[in-house]
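Asker: Here is my input, please return the structure:
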Amino acid sequence: MAQGRSDESVAIDVESLVSSLKVEFGNARLNTRPSYCIFKTPSLFSRHRENVFLPNYFSIGPIHHGKGNLVATEEIKVKYLKDLLSRVVDQRHKGTMLSQQVKEMEKQKILTDCFYAIKSIEFEAQACYASECEVKLGDEFVKMLVLDGCFMIELFRRDAQEVRIELDDPIFSMSCMLQFLHHDLILLENQIPWFVLQTLFDKTKLPFETKSLIELALLFFETTETIFRNLIVYEQCLPNCEPIFTSYAMILSNLIDTTDDTQILCKKGIIDSWVSAEEATKFFDKLYYNTYVKEFYYFNLCDDLNNYCNQRWPRWRAAYVHNYLSKSWIVVVVAAQLYAVSMFGLTFLQTFFTVFK
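Answerer: Sure thing, here's the model as predicted:
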């Protein structure tokens, strides 16, 4: 009887637990947006190299906006915005004498035009950020997008030498600033939507400027560890994203086992030269840790490569090169042997024709 009461109480507890779970989670929804493309780096990826995923001096977008160590460079953004507006006004009214008051009015018109252009796509811009970023709509959000976007566009134009750079430029007069920007502007969680940049670019583009926004961006950024790691995290965390960069990291990691492999790839121009072959080998060896690839992008290429290497002739050729041509003194010996054989053959033919002539 006591055992029966115990079983009954356990049954009641389980039913109560199930009932409470239904109440607590019955109306719950996964707090994500299917349209987002900008989000915070998961701790799984950032725990070992957090500095690779956080901005050092410049904040772009709302996630790191207003943080103490990034506030000082806001003045540089404002200066670049003012320079951009001044240049656009001067070029659009080239050959016309404008008073300072009229110039200020023209600059205000352009800035207002940019503001309302971004205001019209404010909701689409907010939807690009994951809900965890807690982006709030409003004029402050729009002003931040305009300032950050115009700063980036002006930076790209100066870097591509489409715009004259002053001697006292706060970025290009200090080489370390460019290094910081190459890091900060590529970070996964330090971004604004591309269509915001494109809208501002179109609003401020001058007729003689021939390069597109994508061309300017590609000219500015360099292939570094920061770019690789942030692109890999982007692919890993964005739903239904094809793992192109992750696959590239995997194939390079499988190709590079020793420093000799790295030196071969550098010599062939497949990867750029590094400070040391050891550094590059370690970098590619750990590049895709904690990642998963459902469909390997380079599967067919690797399959063709393995089939080729498994054929007899390539294996024989590789063994011959490794055993006989890998050292300079062996090359000399082999060359001498080939020369001796060829001379013997010629002597034999000469003797043959002399005897039977």
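
Asker: per-residue confidence for the residue nearest the centre of the chain?
Answerer: Central residue of the chain (CA atoms, centre = their mean): residue 227, 3.5 Å from the mean position. Residue 227 is assigned a pLDDT of 78 by the prediction.

Asker: Identify the residues contacting it.
Answerer: 186, 221 (CB atoms under 8 Å, 6 or more residues apart in numbering). Using the backbone N, CA and C atoms, a C-beta is placed for each residue, glycine as well.

Asker: Kindly provide the distance from residue 41 to residue 279.
Answerer: Distance, residue 41 to residue 279, by CB to CB, to the nearest Å: 23 Å.

Asker: Looking at the two, which has the bigger crowd around it?
Answerer: residue 41 (21 against 12; other CB atoms under 10 Å).

Asker: quick one: pLDDT of the more buried one?
Answerer: 82.

Asker: How much space separates it from residue 50?
Answerer: 9 Å.

Asker: now do residue 139
Answerer: Separation of residue 139 from residue 50 (CB to CB): 33 Å.

Asker: again with residue 230
Answerer: Between residue 230 and residue 50 the computed distance is 13 Å (CB to CB).

Asker: Then residue 131?
Answerer: Note on residue 131: its distance to residue 50, by CB to CB, is 23 Å.

Asker: If we go by neighbour counts, what in stretch 79-97 is buried?
Answerer: Residues of stretch 79-97 classed as buried under the neighbour-count rule (16 or more other CB atoms under 10 Å) are 80, 81, 83, 84, 85, 87, 88, 89.

Asker: For it, give the mean pLDDT please.
Answerer: The pLDDT scores in stretch 79-97 average 92.

Asker: The nearest residue to residue 40 once chain neighbours are set aside: which element?
Answerer: Closest residue in space to residue 40, ignoring its immediate chain neighbours: residue 189 at 5.0 Å, by CB to CB, 6 or more residues apart in numbering. Assigned by DSSP states H and E, residue 189 belongs to no helix or strand.

Asker: what about residue 189, how many neighbours?
Answerer: A count of neighbours around residue 189, defined by other CB under 10 Å, yields 23.

Asker: which intervals of this structure have sub-threshold pLDDT?
Answerer: Where the chain drops to pLDDT under 70, the residues are 1-35, 47-48, 222-224, 273-275, 312-357.

Asker: what domains does the record give for it?
Answerer: Using automatic domain parsing, the domain parsing of the chain gives 43-227, 248-300.

Asker: end to end, how far does the longest one reach?
Answerer: End-to-end distance for domain 43-227: 18 Å, by CA to CA, to the nearest Å.

Asker: and if you look at stretch 235-255?
Answerer: OK, stretch 235-255 end separation, CA to CA: 22 Å.

Asker: can you check stretch 268-279 too?
Answerer: Stretch 268-279 has its terminal residues 18 Å apart, counting by CA to CA.

Asker: now what about that stretch, what contacts it?
Answerer: 223, 252, 259, 260, 262, 263, 265, 266, 280, 283.

Asker: and the third one, how many residues sit next to it?
Answerer: If I follow you right, that is residue 259. Neighbours of residue 259 (other CB under 10 Å): 15.

Asker: shouldn't it be in contact with residue 282?
Answerer: No - at 9.8 Å, residue 259 does not count as touching residue 282 under the criterion of CB atoms under 8 Å.

Asker: Residue 239 is nearest to which of the domains of the chain?
Answerer: domain 43-227 (11.0 Å; CB to CB).

Asker: next one: the closest one to chain centre, how far?
Answerer: 17 Å (CA atoms, centre = their mean, to the nearest Å).

Asker: next one: stretch 220-233
Answerer: With CA atoms, centre = their mean as the basis, stretch 220-233 stands 3 Å off its chain's centre.

Asker: Sticking with residue 211, tell me its helix or strand.
Answerer: Applying DSSP H and E, one finds residue 211 in no helix or strand.

Asker: so how many other residues sit close to it?
Answerer: Per other CB under 10 Å, the neighbour tally for residue 211 reads 15.

Asker: now the one 4 residues further on
Answerer: Burial measure for residue 215: 12 neighbouring residues, criterion other CB under 10 Å.

Asker: right, and the secondary structure at residue 241 would be what?
Answerer: Put simply, residue 241 is coil when judged by DSSP: H, G, I helix; E, B strand; the rest coil.

Asker: Which stretches in the stretch 101-250 of the chain count as helices?
Answerer: Using DSSP state H, counting those that start in this stretch, the helices assigned to the stretch 101-250 of the chain run over residues 122-127, 139-159, 175-184, 194-204, 213-220, 225-237, 244-255.

Asker: Would you mind measuring from residue 55 to residue 41?
Answerer: 12 Å.

Asker: repeat for residue 266
Answerer: Residue 266 sits 30 Å away from residue 41, going by CB to CB.

Asker: what do you get for residue 282?
Answerer: According to CB to CB, residue 282 and residue 41 sit 22 Å apart.

Asker: What of residue 201?
Answerer: Residue 201 is 27 Å from residue 41, by CB to CB.

Asker: who's more crowded, residue 230 and residue 50?
Answerer: residue 230 (23 against 11).

Asker: doesn't residue 53 make contact with the more buried one?
Answerer: Yes - the criterion here is CB under 8 Å, and residue 230 meets it with residue 53 at 6.7 Å.
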